[in-house]
Each structure stands twice: as C-alpha cells, then as structure tokens.
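[1] Take this sequence and fold it.
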Amino acid sequence: MKWMTALVLGAILGFVLPTGLDLRSGVWMNNWTGWGTIHPHAGSPGLLFSIPVFLGSAIFLRLVFNWHTR
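    From the prediction side, this is the model:
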C-alpha cells in the first residue's frame, strides 16, 4: 500500500469513527478519546476529526498491507 492511499484511508477513519460514535451525545469528546480531536468547523458540533486515529490508522494500514505483500 502506498503512503497516499494509507493517508486517505486514515483521514476517512479520522472523520467517520469519532463522528459516528459521538452523534451529538458527547461520548467521544467527554472521554479520554477527546485528546487530539478537533472540530474542523466551529459551527458544526457533530463533525469531529481525530488526529491520533488518522495517524495511527494510516501507519497501521501501511505496515499491515506491506507485511502481507511480501
């Protein structure tokens, strides 16, 4: 897997996972998972972006798929 593909998939997970789990209930932001999570648009309380999920999943996907191709 190329880095660009891993970063795109990581960005998708970085948006979908916190936004899907929070759903305006505040569970994601009121827990330890809120560390490193930002609101990309200040007027949109439901849209979240988690930087640790983005970077962690991109690195993990890159390592796993490169390991499986060898």
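[2] Find the residue at the geometric middle of this protein.
    residue 14 (1.6 Å; CA atoms, centre = their mean).
[3] quick one: contacts for that one?
    49-51, 53-54, 57 (CB atoms under 8 Å, 6 or more residues apart in numbering). For every residue, glycine as well, the C-beta is placed using N, CA and C.
[4] With just CA atoms, put stretch 59-68 into CSV.
    Only the C-alpha atoms of stretch 59-68 are listed here, as CSV (Å, rounded to 0.1, in the frame of the first residue of the first chain):
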residue,chain,number,x,y,z
ILE,A,59,0.7,3.8,9.9
PHE,A,60,-1.1,0.6,10.9
LEU,A,61,-2.6,0.1,7.4
ARG,A,62,0.7,0.8,5.7
LEU,A,63,2.6,-1.7,8.0
VAL,A,64,-0.1,-4.5,7.7
PHE,A,65,-0.5,-4.3,3.9
ASN,A,66,3.2,-4.1,3.3
TRP,A,67,3.8,-7.1,5.5
HIS,A,68,1.1,-9.1,3.7
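[5] What lies in contact with that stretch?
    Contacts of stretch 59-68 (CB under 8 Å, 6+ apart): 1, 3, 6, 9-10.
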